[in-house]
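> Fold the following and give me the result.
(chains A, B, C and D)
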Number of protein chains: 2
Amino acid sequence: MTNESNDISVWSSRLKAAREATGMSQRALGIAAGLDPSVASTRMNRYEVGVHAPAYSISCRLAEVLEVPVAYLYCDDDELAEFILSFHRAGTKVRREVKKLLGSAG
Amino acid sequence: MTNESNDISVWSSRLKAAREATGMSQRALGIAAGLDPSVASTRMNRYEVGVHAPAYSISCRLAEVLEVPVAYLYCDDDELAEFILSFHRAGTKVRREVKKLLGSAG
DNA sequence: GAACTAAGAACATCTTAGCCT
DNA sequence: AGGCTAAGATGTTCTTAGTTC
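As a prediction, this is how the structure comes out:
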């Protein structure tokens, strides 16, 4: 089987958007996420261009540095992606009101 | 809470929960997601036990069958995971009110 | 029928060694 | 400095062939 259907462009686009929002370089982001400095540039570039997909554990560390939920990186729906980001940045009070609106959450 | 470990137990736990909510077998889910019937049982079992991680494209097809956003499967935060499900199941009107609360640009 | 596993085959990523702007 | 790439080395998943309940 070919990997024609293994399209990780969603993930890599969200990574790029989140990285550029921070102003970090690809290499600096990789190092901050725990990658060895000697390989951080190459690997982060392969991720961001969409050539290779990282292990989930690496996604989690990247998301931490980027201050986004890891689920955001894997979100293929733009409306939901915005919701995930906004909810993550909201305070306790706003979250409680959102919870009321959405009803059965929790 | 964030995932610091090197395993995919978050993903596999959410897959299992979503599959059991549908009542499908591991094999039936794999076939419905497009896996060859001759390998669906083995592969789905390796995913659900957390031994192997699937390609993102397979996650997307599984999420479709399970009627959950693919981001839900990768969400390492239980509170956010519930909100992702609730938002996904909410109607247009409720979503609009949620977005007002969150001040989302989306 | 359903959940599960080992091991070799097959295929992906990772590291090294670079180039280009 | 920052973004990017090829290719062999490395480590992963996938298929086959089963077991167990």
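> ok, A:Arg96 to A:Phe87 distance?
Per C-beta to C-beta, to the nearest Å, A:Arg96 is found 12 Å from A:Phe87. For the C-beta atoms, the positions are set from N, CA and C on the backbone; glycine is no exception.
> likewise A:Lys16?
From A:Lys16 across to A:Phe87, the span is 22 Å (C-beta to C-beta).
> So for these two, which sits in the more crowded spot?
A:Phe87 (22 against 15; other C-beta atoms under 10 Å in any protein chain shown).
> Quick check, the more buried one in contact with A:Arg95.
Yes - using C-beta atoms under 8 Å, A:Phe87 makes contact with A:Arg95 at a distance of 6.8 Å.
> which outside residues touch stretch A:56-71?
By C-beta atoms under 8 Å, 6 or more residues apart in numbering or on different chains, the residues outside stretch A:56-71 that reach it are A:11, A:14-15, A:18-19, A:21-22, A:24, A:29, A:32-35, A:54, A:72-74, A:84-85, A:88, B:2-8, B:10-11, B:53, B:71-72, B:74-77, B:80-81, B:84.
> which non-adjacent residue is nearest the most centrally placed residue in chain A?
Centroid-nearest residue in chain A: A:Leu73, 3.0 Å away (criterion: C-alpha atoms, centre = their mean). Spatially, and ignoring its direct neighbours in sequence, A:Leu73 is nearest to A:Arg14 (4.9 Å; C-beta to C-beta, 6 or more residues apart in numbering or on different chains).
> Just want the residue of chain A that's nearest chain B.
At 3.1 Å from chain B, A:Glu82 is the closest residue in chain A, using C-beta to the nearest C-beta.
> what about that residue, neighbour count?
Other residues lying near A:Glu82 total 17 when counted by other C-beta under 10 Å.
> again with A:Thr92
Other residues near A:Thr92 come to 6 when the count uses other C-beta under 10 Å.
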